[in-house]
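K.L.:
Here is the input, now give the coordinates:
(chains A, B and C, ligands or ions: 3)
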Amino acid sequence: MSSNSQKKGFGATIWDYLTTVDHKKIAILYLISGGFFFLVGGVEAMLIRIQLMKAGNDFLSAGTYNEVLTMHGTTMIFLAAMPILLAFMNAVSPLQIGARDVAFPFLNSLGFWLFFFGGVFLNLSWFLGGAPDAGWTNYASLALASEGHGIDFYSLGLTISGFGTLIAGINFLVTIINMRAPGMTYMRMPLFTWTTFVASALILLAFPPLTVGIFFMVFDRLFGANFFDVTMGGNTIIWEHFFWIFGHPEVYILVLPAFGIFSEIFAIFSRKRLFGYTALVFATILIGFYGFMVWAHHMFTVGLGPTANAVFALATMIIAVPTGIKIFNWLLTIWGGSISFTVPMIYAVAFIPSFVAGGVTGVMQAIAPLDYQLHDSYFIVAHFHYVIVGGVVLAILAGTHLYWPKMFGTMLSEKLGKWTFWFFFIGFHLTFFIQHFLGLMGMPRRVYTFGADQGWDLFNAISSVGALFMAIGVIILLVNVVMTVAKNERVGNDPWGDGRTLEWAIPSPPPFYNFAQTPLVRGLDPYWIEKMEGNKEGMVYAEPLGDIHMPNGSFIPFVISLGMFIASFGAMYFMDDKAWALPVLIGGLAITFGSMLVRSLKDDLGFHVTKEELIADNERIQREARALEGGKKGGLK
Amino acid sequence: MDLNKRYTPQTWPDHPETATLEGKNKFVGFWLLLAAETVTFASLFATYLALKDKGPSGMEFSAAGLFELPLVFAMTMILLTSSLTSVYAIYHMKNHNFKAMQAWLGITVLLGLAFLGLEIYEFNHYVHLGFGYTNSAFSSAFYTLVGTHGAHVVFGLSWFIALMIRNAKRGLNMYNAPKFYLAALYWHFIDVVWVFIFTVVYLMGVIG
Amino acid sequence: MMKGPKKWRLFALMTALLVFLSGCGREEISTLIPAGKVAQDQFNLLILSSIVMLFVIVVVTIIYVLAIVKFRRSKVGEDMIPEQVEGSARLEFIWTAIPIVLLLILAVPTVYSTFDLADVTAMDAQDEDGAAENLTVNVTGKLYWWEFEYPEQEIITAQELVVPTGERVYFNLIAADVKHSFWIPSIGGKLDVNPENVNTFYLEFDKESSELEEGVYFGKCAELCGPSHALMDFKVKTLNREDFDAWVAAMQEEQAAPTETVAQEGQEIFEQSCIACHATNAAGAAPGVGPNLTTFGDRNTIAGFMEHDEETLKNWIADPQQYKPGNLMPDPEEINNGEPFSDQELDALAAYLMGLKVEE
Ligand code: HEM
Ligand SMILES: [Cu+2]
Ligand SMILES: [Cu+2]
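P.N.:
Numbering: from 1, shown residues only, chains lettered A, B, ... in the order given. Ligands and ions are numbered 1, 2, ... in the order given. The predicted structure follows:
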């Protein structure tokens, strides 16, 4: 039984997390592992910037540089940004729609463990003969030519973690479709939930092409297939298409939830309803829709012909329109509001100019003939870091501050938070702004070194200094986390004081069943509505207090994922004629399918929290809340 | 949910598959999964079309020369029939007639096995002609597309069999009704994919 | 938000940036100093789009700054509850319509230019005598060097592309191994060099490269192709048509044998150890495993990116892997009966190679 707040031993806590199906705990798992991979990717970034600090540097060898570069991109996208966003989606969106859990708690856990083992598998490549070295885009001709098992780590690792992500996507879609509280119509859903919804739909439709492409890669490299082998009739452009049919939606999978987080922040800290909520929702949907029709703008120089290039150029330009709509709606949200510059809000405010800068260079790259110059140069590196760091990472940092109290019941230090912000923000612009010009000055991307005769020394040096600033910012954030955990000052339901949506109406962290009584939603920003009407109880309820049905925890998701992890080693060493490879492959698959079989044959109906337990729990919560009031006031003021 | 609750055809709901929240979630989730599967197969079809008849210079194999319609036509008919028999099974499930449902599922499984047998025979035949998986881009694309479908057939059959054995003693309840329903839905999906394979790979392959 | 000193720091930073930006990079390689029609067209698009985008940025910045200055809580009061505005259809219309207009302004030249730059219909045009009217160069990207074949002239060279100024030059691109991308930033945008198909485009060269500080334009591989991707450079020498014709004529001739004894020794070693991969005659040569060295003495770099002097040359021959990791040139031991080259042998080879010239 997933438990409440009794003190437990260390082992018991670990076991609890290994078997949990509670979306709030899974959120914490995602946050910790995503955060860890973020640090790994960050170290890799620092290595890159040290190497490029000056012309002709030999800090990293050419081969190592390509490995670091590839792992940096792959880690940041698949193992850091996406999981951390999934952490927030898990922590918040079920609460925002008034649900007691996600639709498939078991699958939620499975999704996490698949991602986790996939990520671990990928990173083990460092210790087992070398990391992948063909770029995060892993273009096929180079990937097939790459020696060692790096590319196999990439393909198999991403396959496993990709399944996890797909499962998470389906789970959120069903949760949002089926489990909204009474009154929570689609057009009353908070924007973060909307973006979760659309991003999940993108995951659902974008990951299969990637999986198919990766399977081809695995078959080609390990089982002698010929999808990309030109001498055998294969075609490497097929990989590029699949990668970008996935890859472009992927950037929206990342940035839409970021938009969602910022939308929440703008409303909360301006004390104002989102301006043009309807427009924001439709812009989100439109972006998701167009996201699938522009992939070839990553392939303007491939030689698809002028007609294809022109069509994709125009399609790409159109996508800027809904993005612009969003920017203006956010501006008008803070316009006329009462802006409180908390750390989350500072990030949100800083996001606007940063993201606009990334957006306008996106439009410039959409001009196909101009892109012949920009493509694969440092200009592109600047562009996508402006959107991914300026959009997604700022959102992650903002979201960490915003939702920390809801996830852990304590507040991160505002003061240290501001230090992190300034270091990170200045460092970010210092690093990447200048890279636009490096690109225009002819510097190709993915170069491990450059000559002193190219005229790029100064700008590269500046860029490396900027990276150092960002690193300092992140270190301060870590200090902040440690200090906050150590102090453990508890906060109440609505620590920011201006919460508008359902998650702020319940304790921080919420009890494992979330809502003792399902709330009745009476409009957009339901908690704000109740507050404005002076509702002392917090919410009105849609049901009387009664027994609650909850799912059991399970160790099976961990085992299923472990089986795939093991099987991947078998598959990878199969071609090396290692005698143990086939048994390992079969054994791993047996573990996976065996535990799936156990899962489906054994009925697992969950358990009930009785009304009496709920009442007792509620009294405890009230007691704690009173104690908090009595002591220092929680929250900001 | 109470597994021991006994139903009669009168108390059994019209749509047992969506009568509970769990059922509803599974229902929606499964349709979404099928959407992802559709994209997967679309990708495989696109690749197959791009690589059809492509191989090392001087390759002797082509779709027109290789495929033989009569066998594949028989496979198609068998699979279509099995789809129909699974419809009967679900019809009886909705009427709470467990025995009839099991019987029709049994027939479905037998037909599926027959299909699978013919497919293995077909692949074996090609391999003996020298058209192995590693022969060319064409062969890789062909086996991957049709083989992925075959793997789905295997999974579908295993699912049916597991459900039939697991529930043989206890009959229908609100917990397993959605499972039967979804297994049948999955079977239809497999069938639809095959119709596309038959058309795109075999018919269009032989004709031109 | 920004306190006094911080604002200052940011301001100082911006001015510093502006100063840097006044330099646009090197003439040999910067897209900001276009030296041909294609790069010029692309540069014009860059300027046009930058202006449009600057307009967007200015509008956003004004609203943005006003909003965060006017509506800070310290200013509007701690307890102020703002009016909960739902939205405005009119504003919504404005900020949908204006961007669409701006995009239309960009769309027209985009489409025009996309087709214009892809127009290679004149490539195969022939005059009355059946000779090609335009120069075509077949480019092959190899790990990690470039081969340039002039099919009409029946000559082959490597690492340094030589082209006439003031006319359209057409290119056929293909990769011999993995994918590369062919890019001469100051002359025009890149085009991928794929392993499975020939890609075709044209470039124009306005200026003779002898006027440049380095005497050549810099070309780059722009697609990650392995460890030495960063070193897969080539150079472009642009000559006026007359000089170009003279160069072609010289290339088509049988090259003279060396006269100095050191160089003659070098030739002997070369013909034992190196000739299997490197040709020293441009005329009628077949594509090589290694770069054709006919013009080696005229070149500006070794291996596409290193100083062009005997010392570097000897180092390179003695240990190619150290300078271009992953390249396919064998170590001396593999081509010299298991022995490294002695210093004399290296001297001889260097003297021989440096003497391979077609220009005066
Ligand atoms: C107005 C919106 C945007 C437009 C018009 C746009 C356009 C483009 C174009 C045309 C490219 C291809 C450049 C090239 O390689 O030649 C590109 C690259 C890229 N964009 Fe965007 N983009 C936009 C927003 C975003 C967002 C929101 C993200 C992510 C959050 C993003 C992430 C990327 C990434 C990662 C790449 C480079 C991928 C790689 O080559 O590794 N973009 N963008
Ligand atoms: Cu894109
Ligand atoms: Cu390269």
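K.L.:
Outside of the host helix or strand of residue A:598 itself, list whatever touches it.
P.N.:
Here residue A:598 sits within helix A:581-601, counting by DSSP states H and E. By C-beta atoms under 8 Å, 6 or more residues apart in numbering or on different chains, the residues outside helix A:581-601 that reach it are A:106, A:554, A:556, A:559-560, A:562-574, B:162, B:166. Every residue, glycine included, has its C-beta placed from N, CA and C.
K.L.:
now those residues: which count as buried?
P.N.:
Among the contacts of helix A:581-601, those classed as buried by neighbour count (16 or more other C-beta atoms under 10 Å in any protein chain shown) are A:106, A:554, A:556, A:559-560, A:562-574, B:166.
K.L.:
so how far is residue B:40 from residue C:87?
P.N.:
Look at residue C:87 and residue B:40: by C-beta to C-beta, to the nearest Å, they are 40 Å apart.
K.L.:
my bad, should have said residue A:588
P.N.:
Distance of residue A:588 to residue B:40, computed by C-beta to C-beta: 22 Å.
K.L.:
Please tell me how far residue B:139 sits from residue B:61.
P.N.:
Look at residue B:139 and residue B:61: by C-beta to C-beta, they are 7 Å apart.
K.L.:
Just checking, which helix or strand of the chain averages the lowest pLDDT?
P.N.:
Let's take chain A. helix A:611-630 (a mean of 86; mean pLDDT, DSSP states H and E).
K.L.:
okay, it in PDB with CA atoms only?
P.N.:
What follows is helix A:611-630, C-alpha atoms only, in PDB (Å, rounded to 0.1, in the frame of the first residue of the first chain):
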ATOM      1  CA  LYS A 611     -13.900   7.200   5.000                       C
ATOM      2  CA  GLU A 612     -12.700   6.800   8.600                       C
ATOM      3  CA  GLU A 613      -9.100   6.900   7.400                       C
ATOM      4  CA  LEU A 614      -9.800  10.000   5.400                       C
ATOM      5  CA  ILE A 615     -11.300  11.800   8.300                       C
ATOM      6  CA  ALA A 616      -8.300  10.900  10.500                       C
ATOM      7  CA  ASP A 617      -5.900  12.000   7.900                       C
ATOM      8  CA  ASN A 618      -7.700  15.200   7.400                       C
ATOM      9  CA  GLU A 619      -7.500  16.000  11.100                       C
ATOM     10  CA  ARG A 620      -3.800  15.400  11.000                       C
ATOM     11  CA  ILE A 621      -3.500  17.800   8.000                       C
ATOM     12  CA  GLN A 622      -5.500  20.400   9.800                       C
ATOM     13  CA  ARG A 623      -3.300  20.100  12.900                       C
ATOM     14  CA  GLU A 624      -0.200  20.500  10.900                       C
ATOM     15  CA  ALA A 625      -1.600  23.500   9.100                       C
ATOM     16  CA  ARG A 626      -2.500  25.200  12.400                       C
ATOM     17  CA  ALA A 627       1.000  24.500  13.700                       C
ATOM     18  CA  LEU A 628       2.400  26.200  10.600                       C
ATOM     19  CA  GLU A 629       0.200  29.200  11.100                       C
ATOM     20  CA  GLY A 630       1.200  29.400  14.700                       C
END
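K.L.:
quick one: residue B:132 is in a strand?
P.N.:
No - counting by DSSP: H, G, I helix; E, B strand; the rest coil, residue B:132 is not found in a strand; it is coil.
K.L.:
how many neighbours does it have?
P.N.:
Using other C-beta atoms under 10 Å in any protein chain shown, residue B:132 has 15 other residues around it.
K.L.:
before we move on, what about the one 10 residues further on?
P.N.:
Counted with other C-beta under 10 Å, residues neighbouring residue B:142 total 25.
K.L.:
Phi and psi next, for it.
P.N.:
Residue B:142 adopts backbone torsions of phi -60, psi -50, taken as degrees, to the nearest 10.
K.L.:
contacting residues for it?
P.N.:
For residue B:142, the contact set (C-beta under 8 Å, 6+ apart) comprises B:48, B:201.
K.L.:
Return the distance of it relative to chain C.
P.N.:
With the distance defined as C-beta to the nearest C-beta, to the nearest Å, residue B:142 ends up 20 Å from chain C.
K.L.:
pretty sure residue C:206 is in a helix, no?
P.N.:
No - with three-state DSSP as the criterion, residue C:206 is coil rather than part of a helix.
K.L.:
okay but it is in contact with residue C:36, surely?
P.N.:
Yes - under the criterion of C-beta atoms under 8 Å, residue C:206 makes contact with residue C:36 at 5.2 Å.
K.L.:
These two - which one has more neighbours?
P.N.:
For residue C:206 and residue C:36, the more surrounded residue by other C-beta under 10 Å is residue C:36, and the numbers stand at 23 against 15.
K.L.:
I'd assumed residue C:187 was in contact with that one.
P.N.:
Yes - using C-beta under 8 Å, residue C:36 is in contact with residue C:187, at 4.4 Å.
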